[in-house]
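Student: predicted model, plus sequence, below.
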Amino acid sequence: MFKIVGRLRCPICSEPVQLDEKVFLDIINTVIHQKCYYQSSRRLPIKDEGIFQKMLMKYPFFNEDEEDDSK
């Protein structure tokens, strides 16, 4: 489905973000667990919120192919 699933980590708790978790997307497109957002002292304004799976479907930049560095 999306290569990012299982690899994207919350910048606050460092745990992988799961498809069914509630997240915030801030103005620089950082995905943060909603439960972790308020623990951070450096909070940027929120652009969107919801279940991570819905964010993946809504924002095309999550599905961009990675550059092949093996060449």
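Tutor: Nice, thanks for sending it over.
Student: got a list of contacts for stretch 25-34?
Tutor: By Cβ atoms under 8 Å, 6 or more residues apart in numbering, the surrounding residues in contact with stretch 25-34 are 8, 10-13, 15, 17, 21-24, 40, 43-49, 52, 55, 59, 61. Glycine gets a C-beta too; all of them are placed from N, C-alpha and C.
Student: just the buried members of these?
Tutor: Leu8, Cys10, Ile12, Val17, Glu21, Val23, Phe24, Phe52, Met55 (16 or more other Cβ atoms under 10 Å).
Student: redo those residues as CSV? Include pLDDT.
Tutor: What follows is the buried ones among the contacts of stretch 25-34, written out as CSV (pLDDT from 0 to 100):
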residue, pLDDT
Leu8, 93
Cys10, 96
Ile12, 95
Val17, 96
Glu21, 96
Val23, 97
Phe24, 97
Phe52, 95
Met55, 94
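Student: can you flag which of these belong to helices?
Tutor: Taking DSSP state H as the definition of helices, these contribute Phe52, Met55.
Student: next one, pLDDT for the residue most central in space within the chain please.
Tutor: Centroid-nearest residue in the chain, with Cα atoms, centre = their mean: Val31, separated by 2.8 Å. pLDDT for Val31: 96.
Student: against Gly6, how distant is it?
Tutor: In this view, Val31 and Gly6 are 13 Å apart by Cβ to Cβ, to the nearest Å.
Student: please apply the same query to Arg42.
Tutor: Distance, Arg42 to Gly6, using Cβ to Cβ: 26 Å.
Student: what does Val17 give?
Tutor: Using Cβ to Cβ, Val17 is found at 9 Å from Gly6.
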